[in-house]
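Visitor: just need the structure, nothing else, for what follows:
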Amino acid sequence: MIDGLTIVSHPLVQHKLTKMRDRDTPTSVFRALVREIATLLCYEVTRDLPTELEAVTTPITDTKAPVIAGKKLVVAPVLRAGLAMAEGMLDLVPSARLAHIGLYRDPLSLEAVEYYFKTPEDCAERLVIVVDPMLATGHTATAAIDRLKEAGVTDIRFVCLLAARPGVEAVRAAHPDVPIWAAGLDEQLNDHGYIVPGLGDAGDRMYGTR
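Guide: Down below sits the predicted model:
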């Protein structure tokens, strides 16, 4: 296993990921599965959030109970494919802020090209969870993290549905302080930078544009 990488091996996560790998899974089901897995991954990536006690009155008596402490976290989807993952996380943490990172992969160089970047004004003071379904070459993930660090963000976590070993190694080499969570890890990339066996182009399958 790679240092800094957490594979969420829960049976529900693995079952849904297998359904996503199936080329015959229709667009509507694929999109729903992305959202569902993202919600399940959100449980894991936020497991260590700090809490504090808050006074509350139950139907029986007054007491103190834990609530999440500090500023609300930020979910930062890499456009466009990360949007459905962000929705799944917002199902669990509806008060989270949203940042948007517009990047696309040049088909020849496979390098990431930025076309949009927008974050909450105080993003640097919050935990930022970057979400993108696929971590293949690692170029897009690295570029997204680079951009957030340029904006002053220091507490960053990266979450994907499926990662490739070369991509994980590339991101960890560039940003060893950024932990990664994924539902699965495949070993290889093909000549076009796609994960093998993978699940195809997540954005195309999610939005029916293949």
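Visitor: as a check, name the ranges of all strands in this structure.
Guide: Using DSSP state E, the strands of the chain run over 5-7, 51-57, 62-68, 74-79, 97-98, 100-105, 112-118, 128-131, 134-135, 156-164, 180-186, 188-189, 195-196.
Visitor: report the contact partners of the residue nearest to Met1 when sequence neighbours are not counted.
Guide: What sits nearest to Met1 in space, not counting adjacent residues and going by Cβ to Cβ, 6 or more residues apart in numbering, is Ile7, at 7.5 Å. For glycine as for every other residue, the C-beta is placed from the backbone atoms N, C-alpha and C. Counting by Cβ atoms under 8 Å, 6 or more residues apart in numbering, Ile7 touches Met1, Ala182, Ala183, Gly184, Leu185.
Visitor: okay if I get those as a markdown table plus distance to Phe158 and pLDDT?
Guide: As requested, the contacts of Ile7 are exported to a markdown table (distance: Cβ to Cβ, whole Å; pLDDT from 0 to 100):
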| residue | distance to Phe158 | pLDDT |
| --- | --- | --- |
| Met1 | 16 | 72 |
| Ala182 | 9 | 97 |
| Ala183 | 13 | 97 |
| Gly184 | 15 | 96 |
| Leu185 | 14 | 97 |
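Visitor: picking that back up, I'd like the strands of the chain as TSV, with distance to Val34 appended.
Guide: Compiled in TSV, the strands of the chain are given as follows (distance: least, Cβ to Cβ, whole Å):
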stretch	distance to Val34
strand 5-7	17
strand 51-57	29
strand 62-68	25
strand 74-79	11
strand 97-98	17
strand 100-105	17
strand 112-118	21
strand 128-131	10
strand 134-135	11
strand 156-164	7
strand 180-186	10
strand 188-189	21
strand 195-196	15
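Visitor: going through the contacts of Ile7, which ones are buried?
Guide: With neighbours counted using 16 or more other Cβ atoms under 10 Å, those contain these buried positions: Ala182, Ala183, Gly184, Leu185.
Visitor: show me which of those is closest to Tyr104.
Guide: Nearest to Tyr104 out of the buried ones among the contacts of Ile7 is Ala182 (Cβ to Cβ; 21.4 Å).
Visitor: which one is that closest one nearest to, not counting chain neighbours?
Guide: Among residues not flanking Ala182 along the chain, Ala163 sits closest, at 4.2 Å (Cβ to Cβ, 6+ apart).
Visitor: please report how far that neighbour lies from Leu108.
Guide: Note on Ala163: its distance to Leu108, by Cβ to Cβ, to the nearest Å, is 23 Å.
Visitor: show me which of those two is the more surrounded one.
Guide: Ala163 (27 against 6; other Cβ atoms under 10 Å).
Visitor: against Val74, how distant is the nearest residue to Thr137 once chain neighbours are set aside?
Guide: Nearest residue to Thr137, sequence neighbours excluded (Cβ to Cβ, 6+ apart): Gly193, at 5.0 Å. According to Cβ to Cβ, Gly193 stands 28 Å off from Val74.
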